[in-house]
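Student: The sequence and its predicted three-dimensional model are supplied below.
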Amino acid sequence: MNKTAIILVFFALACVAGQNVHAQDAGDLFQKGLIQERVKGNLDEAIKIYDRILVKFPKNRPVAANALLHIGLCYEKLGKQEAKKHYEHLIKEYGDQAEAVKIARRHLEQLAPRAQAPKAGEPTYRLVLDKNTAGMPISVNNEDSMCYVDVSPDGESTVFASGDKLCIANRTGSLIRTLVKDLKPWGRFAWPQWSPDGRQIAFRASHRGMDAVFVVGAEGGTPRKIISKPGLEHSHVQLSWSGNGKHLSLSGQQYPFRYRIRTFALDGSDVRHISKGDVLGMMRGGAEYSPNGRWLACPSTGRRGRSSAGQLWIIQVPGGLTRRIHHSPDTDIKYPTWSPDGRFLYFVCEKGNTGNIWRIGIDPETGLQTGKAHQVTSYSGTKVRFPNVLRGGDSIAFELHKKDTSIYVASGSPPYERRALAHSGQSLPQVSPDGQTIYYLADGLYALPLKGGSPTRLPGHLPSRRSAGL
């Protein structure tokens with residue numbers, strides 16, 4: 001190797017080493033910003049650090065894009081419109097950073113309704129926590145991609161399960177602390193539920209086929225095991241507190257028993273059971289006792305499961321009157337929850353990829369319906385889960401699960417172009433043998449002309465995942 005070649009080699013190595021140092025410096029600075037944002041809750045200081053990254057390391061596009069994204073997140077938590085400007089800047093200048101752009105687009109969609117003041121009588125919304133601001137993955141149910149989240153009765157804190165940790169975030173999601181960790185041998189925490197007085201949190205945990213319910217103080221401490229049984233971990237089992245905070249209930253499918261509600265005291269002793277024979281139809285989305293303990297709200301999919309129509313029942317406790325108070329064809333009714341005074345019953349009415357919260361007035365003494373059902377939220381292509389009426393009865397916390405999907409068709413010759421045929425909640429598109437029609441699943445089976453036009457819903461029920469080849 002000649003002298004010139006040797007010099008060139010060492011020069012190249014020096015450049016690479018310099019780039020690695022710069023990358024490390026940018027990453028270290030970004031981590032300092034995250035500590036200010038998520039651990040210390042100092043959003044203004046975090047913004048200054050992220051701004052320094054944009055000035056010092058503009059060529060490190062992955063780190064710069066994430067710094068710009070987190071500036072937007074900080075401004076959003078502060079309730080400032082500057083968030084929108086930074087999200088738009090990220091999308092325009094860092095289009096090659098797919099994940100950061102995806103998050104920015106989603107937050108822009110969430111901010112869009114805030115650009116105008118809500119009209120009189122319309123609800124206002126505030127984002128508390130998502131999987132990105134949480135700083136760690138939130139436990140997800142494989143069947144429905146549910147996050148396990150609950151909001152305190154006063155609306156000031158949010159508890160969520162994250163693998164083998166139980167964490168609490170403040171009302172803006174900017175400050176997160178770990179409440180429970182290293183509860184060995186127990187892990188896979190799920191279904192955290194705040195007690196009515198906000199002093200305790202119940203949650204489920206699993207270990208080698210066994211499942212347990214624990215209770216821990218909201219300020220921390222050693223969790224106390226209440227019960228330990230096999231089969232509580234099933235996805236359709238919901239954990240909830242009684243109105244007086246003295247009992248816990250598990251409702252839904254429980255191995256080896258199906259479709260029952262079991263209530264037990266905090267010492268683990270059984271209080272009451274409502275078995276499969278007492279439940280009308282196949283339970284969906286849990287059941288809830290009224291605050292006074294006299295009534296049980298129970299959703300089902302029809303008597304003995306033979307109907308696809310969603311139904312909501314009121315059952316007198318411990319037995320006696322059973323009354324259907326709501327019936328909605330071609331829908332699922334899930335997640336009933338009571339207002340603190342027991343005068344309103346909220347529930348989710350779900351059809352296809354859309355679910356919204358509804359409300360019915362209930363006389364807490366007689367269990368009689370007072371007025372017609374009223375729709376509270378108006379989402380499209382979005383599922384609402386786990387509504388929780390906060391103390392005072394004027395606010396509702398709930399989880400949103402949105403899955404944006406689109407069907408595109410591309411031309412077969414350069415220059416390749418694509419056009420959208422259908423949006424929101426479509427899946428498994430298939431082209432007909434003659435190439436003229438696209439079939440897809442939503443809340444049913446649809447046919448759509450390849451040239452465009454209105455889709456046609458084919459008669460019959462939604463195919464099962466097994467028959468659809470999933």
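Tutor: Okay, I see it. Residues are numbered from 1 along each chain as shown.
Student: Helices along the protein, start to end?
Tutor: 3-34, 43-56, 61-77, 82-93, 98-111 (DSSP state H).
Student: mind checking which of the ones you listed is nearest Gly392?
Tutor: helix 61-77 (23.4 Å; C-beta to C-beta). In this view, the C-beta of every residue, glycine as well, is placed from N, C-alpha and C.
Student: Kindly state the beta-bridge partners for Val348.
Tutor: For Val348, the beta-bridge partners are Lys334, Ile357 (DSSP bridges).
Student: give the contact list for it.
Tutor: Listed by C-beta atoms under 8 Å, 6 or more residues apart in numbering, the contact set of Val348 reads Gly285, Ile333, Lys334, Tyr335, Gly355, Asn356, Ile357, Trp358, Val384, Arg385, Pro387.
Student: Just give me the closest of these to Phe57.
Tutor: Nearest to Phe57 among the contacts of Val348: Arg385, at 39.8 Å, using C-beta to C-beta.
Student: For the closest one, grab the count of nearby residues.
Tutor: 20 (other C-beta atoms under 10 Å).
Student: Give me the pLDDT for the residue nearest to it when sequence neighbours are not counted.
Tutor: Ranked by C-beta to C-beta, 6 or more residues apart in numbering and with sequence neighbours excluded, the top spatial neighbour of Arg385 is Glu399, at 4.4 Å. What the model reports for Glu399 is a pLDDT of 82.
Student: okay, the helices of the chain in JSON lines with mean neighbour count and distance to Gln369 next?
Tutor: Output for those, formatted as JSON lines (neighbours: other C-beta atoms under 10 Å; distance: least, C-beta to C-beta, whole Å):
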{"stretch": "helix 3-34", "mean neighbour count": "12", "distance to Gln369": "50"}
{"stretch": "helix 43-56", "mean neighbour count": "18", "distance to Gln369": "46"}
{"stretch": "helix 61-77", "mean neighbour count": "23", "distance to Gln369": "40"}
{"stretch": "helix 82-93", "mean neighbour count": "18", "distance to Gln369": "43"}
{"stretch": "helix 98-111", "mean neighbour count": "17", "distance to Gln369": "35"}
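Student: residues of stretch 323-332 that come out buried?
Tutor: Using 16 or more other C-beta atoms under 10 Å as the test for burial, stretch 323-332 gives Ile325, His326, Ser328, Thr331, Asp332.
Student: For the third one, which non-adjacent residue is closest in space?
Tutor: In space, not counting the residues next to it along the chain, Ser328 is nearest to Gly310; the distance is 4.7 Å by C-beta to C-beta, 6+ apart.
Student: For the one you found, give me its contacts.
Tutor: Contacts for Gly310 (C-beta under 8 Å, 6+ apart) come out as Arg284, Pro299, Ser300, Thr301, His326, His327, Ser328, Thr331, Asp332, Ile333, Cys349, Glu350.
Student: Filter those down to the ones in strands?
Tutor: Members of the contacts of Gly310 lying in strands (criterion: DSSP state E): Pro299, Ser300, His326, His327, Ser328, Asp332, Ile333, Cys349, Glu350.
Student: of all these, which two lie farthest apart?
Tutor: Greatest spatial distance among the ones in strands among the contacts of Gly310 (C-beta to C-beta): His327 and Glu350, at 14.5 Å.
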